[in-house]
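Participant: What follows is a predicted protein model with its sequence.
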Amino acid sequence: CELLTVRILKVIALGLGLEGDFFINKHKKIDSNQNQTTLRSLYYPSIHKPSVKSQQIRCGEHSDYGTFTLLFQDECGGLEVMHKSGQFVAAPHIPNTVLLNIGDMLQRWTSDRLISTVHRVLLPQSDDKMCQSRQSLAFFVHPDDNVMVTCCDGSEKYPPINPLQYLKEHFDATYKM
């Protein structure tokens with residue numbers, strides 16, 4: 001995942017007209033305790049149809065907090081991403097591919113040229129898939145903890161922010177008791 005991440009960071013920088021190492025230099029500590037990048041297994045157990053509530057979903061709509069996420073999903077499906085129209089569209093499993101979700105930090109860095117991907121996971125529609133568990137792997141890529149994220153186009157669309165502070169604030173809000 002780390003090598004793919006570096007390649008993607010370079011391509012994004014070049015696509016934005018920046019030096020190729022612009023984002024790479026802000027993700028140098030990925031495999032240390034000075035960077036919050038993490039690989040997470042996302043497991044959704046099988047569902048017993050009688051226990052399903054009306055309008056129930058597996059994971060509510062949200063965006064990821066970091067730079068981007070590499071998602072490796074299984075055949076079970078259910079992932080939907082929000083189109084710029086505001087409608088959710090299916091993001092089906094495609095064999096031998098990795099799905100890339102833009103995260104909040106990259107949206108801020110690019111002053112909305114790249115938009116953080118709002119997504120959710122729905123319950124399977126077919127009975128046979130409902131009886132199956134769903135398994136995905138997500139590689140959540142974050143900038144180094146000591147980086148200050150500022151708009152790379154020189155605008156001040158978003159105020160400068162430290163990614164670790166941003167992450168803590170959003171975790172606190174999400175898991176508030």
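Facilitator: Done, it's in.
Participant: Show residues contacting the lengthiest helix in the chain.
Facilitator: Of all segments of type helix in the chain, defined using DSSP state H, the longest is helix 2-15. Where contact means CB atoms under 8 Å, 6 or more residues apart in numbering, the residues beyond helix 2-15 that reach it are 19-24, 27, 30-31, 37, 67-68, 70, 98, 100, 106, 114, 139, 141. C-betas here are computed from N, CA, C, even on glycine.
Participant: change it to 6 Å
Facilitator: With contact meaning CB atoms under 6 Å, 6 or more residues apart in numbering, helix 2-15 is reached by 20, 22-24, 30, 141.
Participant: in it, what counts as buried?
Facilitator: Neighbour counts over helix 2-15 (16 or more other CB atoms under 10 Å) mark 5-6, 8-10, 12-13 as buried.
Participant: What average pLDDT does that helix get?
Facilitator: With pLDDT averaged residue by residue, helix 2-15 scores 97.
Participant: Now, the contacts of helix 2-15 that are in strands?
Facilitator: Within those, membership in strands is found for Val141, as judged by DSSP state E.
Participant: Compare the contacts of helix 2-15 and tell me which is most surrounded.
Facilitator: Val141 (30 neighbours; other CB atoms under 10 Å).
Participant: how near is that residue to Val6?
Facilitator: Val141 sits 10 Å away from Val6, going by CB to CB, to the nearest Å.
Participant: try Asp144
Facilitator: When CB to CB is the yardstick, Asp144 and Val6 sit 14 Å from each other.
Participant: do Val118 as well
Facilitator: Val118 sits at a distance of 26 Å from Val6 (criterion: CB to CB).
Participant: Cys151 too?
Facilitator: Relative to Val6, Cys151 is positioned 23 Å away (CB to CB).
Participant: ranges for the strands of this structure?
Facilitator: Using DSSP E, strands in the chain cover 38-44, 57-62, 68-73, 79-82, 88-90, 99-102, 119-122, 134-141.
Participant: With respect to Glu169, which of the ones you listed lies nearest?
Facilitator: Between Glu169 and the strands of the chain, the tightest spacing by CB to CB is seen for strand 57-62, at 14.7 Å.
Participant: Going by distance to Leu167, which of the buried residues of helix 2-15 wins?
Facilitator: Nearest to Leu167 among the buried residues of helix 2-15: Thr5, at 17.2 Å, using CB to CB.
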